[in-house]
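# Dropping a prediction and its sequence here:
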Amino acid sequence: MIVLLQWLRETLGRLFEKVDLPLLLALLCVMLISLVVLASAGGDNTRLVFSQAARFGLGLGAMVLLSRVAPAKLRLWTPLAYGVSLVLLALVFVFGSGRSADLWLDLGLFYLQPGELLKLSVPMMLAWYLHGSVLPPTWKSLAVAAAIIGLPVAMIIKQPDLGTGMLVAASGAFAIYLAGMAWWRIGLFAGLGLASLPAVWPFLLPHQRERVLTFLDPESDPLGTGWNIIQSKIAIGSGGFSGKGWGQGSQAHLDFLPEHTTDFIFSVLSEEWGWLGVVTLLALYLFIVGRCIWLAAGARDGYSRILAGALAMTFSVYVIVNGGMVAGLLPVVGVPMPLLSYGGTSAVSLLVGFGMVMSVHAHRKFMA
């Protein structure tokens, strides 16, 4: 028995030797909060909790394995990962399924959302390309980078999935920024983007225009398009300092709050756990982002630094967009709260990304 325990200890030690323990503990805390909130939000549907726990387990396994893969090997696999992601994204147009858009591929045992994979493969591809180019990026390099980002983003928006498209674009923009792009160029592109917003309006789909108008004035149709955000703000505000208590949230349990296990689960947390619960979750998110940036700063090569930094900053955009969305500070775009909302592909892909970040820290050696 003692020999078996010693063997188990040594095996687990070797398996987890590349895992960053502080980051892992913070991620486990967020996932535990997710399961607790889902157990309340799902009501009698306990399948949601077990299903999400299984997805977390799959993601954690992938994270541990990825942490053991050297960034040099990740860099070699990058073009293949990007190409496969694009192929899967193209297959969505033929075999995709969803309620309001073709977003998922039915693979029998599970549904796969290729758009989530692009949040990993796009920054990987940009880090791969920019690592071998002159830094800071030249106009030629920026043109190639724009094509790497633009092709999948255009395909995702065509599905249509504006929220995922925005996050993929953000992941690419962060990679370019971390490659040393000059501030005056950043300001130039930001100004051009803002100036082009009126020209984009005619190309938005009716439901996308509706979301923008609802964001500007949700009270204009309180029983229709404004219902979701009004009920979400009621849930958040009614939580007070310490919340109503687990399982006591009226907005979710009386079906006032739509999508309360996915896009609006943060509202459920706010109502049942109040300000204390919100601050705890946001503090964990802040620690995760800060820890990842610190790990990225210790990278010894351009590929690792750009990739890890872009993944960390993209994670922060998840939090900002979903938090702003459910609080009425941003239009509703269907972005989940990372590792809190119910969903498989998103959770697994996020944990895979953290595995890459851990790999960067664990293999701090110079790469040519």
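Received, thanks.

# Any idea how many residues pack against the closest residue to Leu339 other than its chain neighbours?
Leaving aside its sequence neighbours, Leu339 sits nearest to Val30 (CB to CB, 6 or more residues apart in numbering; 4.7 Å). To be clear about C-beta, it is placed using only N, CA and C from the backbone, and glycine gets the same treatment. Val30 has 19 neighbouring residues, counting by other CB atoms under 10 Å.

# Who are the contact partners of Val30?
Going by CB atoms under 8 Å, 6 or more residues apart in numbering, Val30 touches 281, 284-285, 288, 338-340.

# Grab the longest helix from the protein for me.
Longest helix in the chain by number of residues (criterion: DSSP state H): helix 265-297.

# Packing partners of that one?
helix 21-41, helix 227-238, helix 250-253, helix 302-326, helix 344-362 (3 or more CB pairs under 8 Å, 6 or more residues apart in numbering; DSSP states H and E).

# how about that helix: buried residues?
Of the residues in helix 265-297, 265-274, 277-278, 281, 284-285, 287-289, 291-293, 295-296 count as buried by neighbour count, 16 or more other CB atoms under 10 Å.

# hmm, back to that, please tabulate the contacts of Val30 in JSON lines and include distance to Ile186 as additional columns.
Formatted as JSON lines, the contacts of Val30 follow (distance: CB to CB, whole Å):
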{"residue": "Leu281", "distance to Ile186": "30"}
{"residue": "Leu284", "distance to Ile186": "29"}
{"residue": "Tyr285", "distance to Ile186": "25"}
{"residue": "Ile288", "distance to Ile186": "25"}
{"residue": "Pro338", "distance to Ile186": "25"}
{"residue": "Leu339", "distance to Ile186": "29"}
{"residue": "Leu340", "distance to Ile186": "31"}
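
# Between those residues, which sits nearest Lys244?
Leu281 (16.6 Å; CB to CB).

# those strands in the stretch 1-150 of the chain, which residues are they?
Along the stretch 1-150 of the chain, the stretches classed as strands by DSSP state E, counting those that start in this stretch are 96-97, 104-106, 111-112.

# Report the strands that pair with the last one, each with its relative direction.
Spelled out, that is strand 111-112. The sheet places strand 111-112 alongside strand 104-106 (antiparallel), with pairing taken from DSSP bridges.

# any idea of the mean pLDDT for the partner strand?
In this model, strand 104-106 has a mean pLDDT of 69.

# picking up where we left off before, would you mind getting the angle between the longest helix of the chain and helix 21-41?
170 degrees (axes from the mean of the first three to the mean of the last three CA atoms, to 10 degrees).

# Helix 265-297 vs helix 344-362, what angle?
With the same axes, to 10 degrees as the basis, helix 265-297 and helix 344-362 are set at 20 degrees to each other.

# Give me the distance from helix 265-297 to the chain's centre.
14 Å (CA atoms, centre = their mean, to the nearest Å).

# returning to that earlier point: what's the most distant pair in the contacts of Val30?
Farthest pair in these, by CB to CB: Ile288 and Leu340, 12.1 Å.

# Distance of the nearest residue to Thr78 once chain neighbours are set aside relative to Val278?
Nearest non-adjacent residue to Thr78, counting by CB to CB, 6+ apart: Trp128, 4.1 Å away. As judged by CB to CB, to the nearest Å, Trp128 and Val278 stand 38 Å apart.

# do Val357 as well
For Val357 relative to Val278 (CB to CB), the value is 25 Å.

# repeat for Gly180
36 Å.

# Surely Leu284 is in contact with Leu28?
No: Leu284 lies out of contact with Leu28 (CB atoms under 8 Å); the separation is 9.9 Å.

# In contact with Pro331, which residues are there?
Contacts of Pro331 (CB under 8 Å, 6+ apart): 211-212, 214-215, 325.

# Which residue in those residues has the weakest pLDDT?
Lowest confidence among the contacts of Pro331: Phe215, with 69.

# those helices in the stretch 101-250 of the chain, which residues are they?
114-131, 139-158, 162-178, 183-195, 197-200, 206-216, 227-238, 250-253 (DSSP state H, counting those that start in this stretch).

# winner for burial among the ones you listed?
The highest average neighbour count among the helices of the stretch 101-250 of the chain, using mean count of other CB atoms under 10 Å, belongs to helix 114-131 at a mean of 26.

# Which elements pack onto that one?
Secondary-structure packing of helix 114-131 (3+ CB pairs under 8 Å, 6+ apart): helix 71-95, helix 139-158, helix 162-178, helix 302-326, helix 344-362.

# Kindly reformat those helices as JSON lines and extend each row with distance to Glu219.
Below are these laid out as JSON lines (distance: least, CB to CB, whole Å):
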{"stretch": "helix 71-95", "distance to Glu219": "36"}
{"stretch": "helix 139-158", "distance to Glu219": "29"}
{"stretch": "helix 162-178", "distance to Glu219": "24"}
{"stretch": "helix 302-326", "distance to Glu219": "17"}
{"stretch": "helix 344-362", "distance to Glu219": "31"}
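
# I'd like to know which of those is closest to His253.
Closest among the helices and strands packed on helix 114-131, using CB to CB: helix 302-326, at 17.3 Å.

# from what I can see Ala299 touches Arg364, true?
Yes: contact criterion CB under 8 Å: Ala299 and Arg364 qualify, at 6.9 Å.

# More neighbours: these two, which one.
Ala299 (21 against 13).

# Pull the contacting residues for Ile288.
Contacts for Ile288 were tallied using CB under 8 Å, 6+ apart; they are 23, 26-27, 30, 315.

# Go through those residues and say which is closest to Val168.
Phe315 (13.4 Å).

# dump the residue contacts of the nearest residue to Gly239 once chain neighbours are set aside.
Spatially, and ignoring its direct neighbours in sequence, Gly239 is nearest to Gly274 (4.1 Å; CB to CB, 6+ apart). Applying CB under 8 Å, 6+ apart, we find Gly274 in contact with 239-244.
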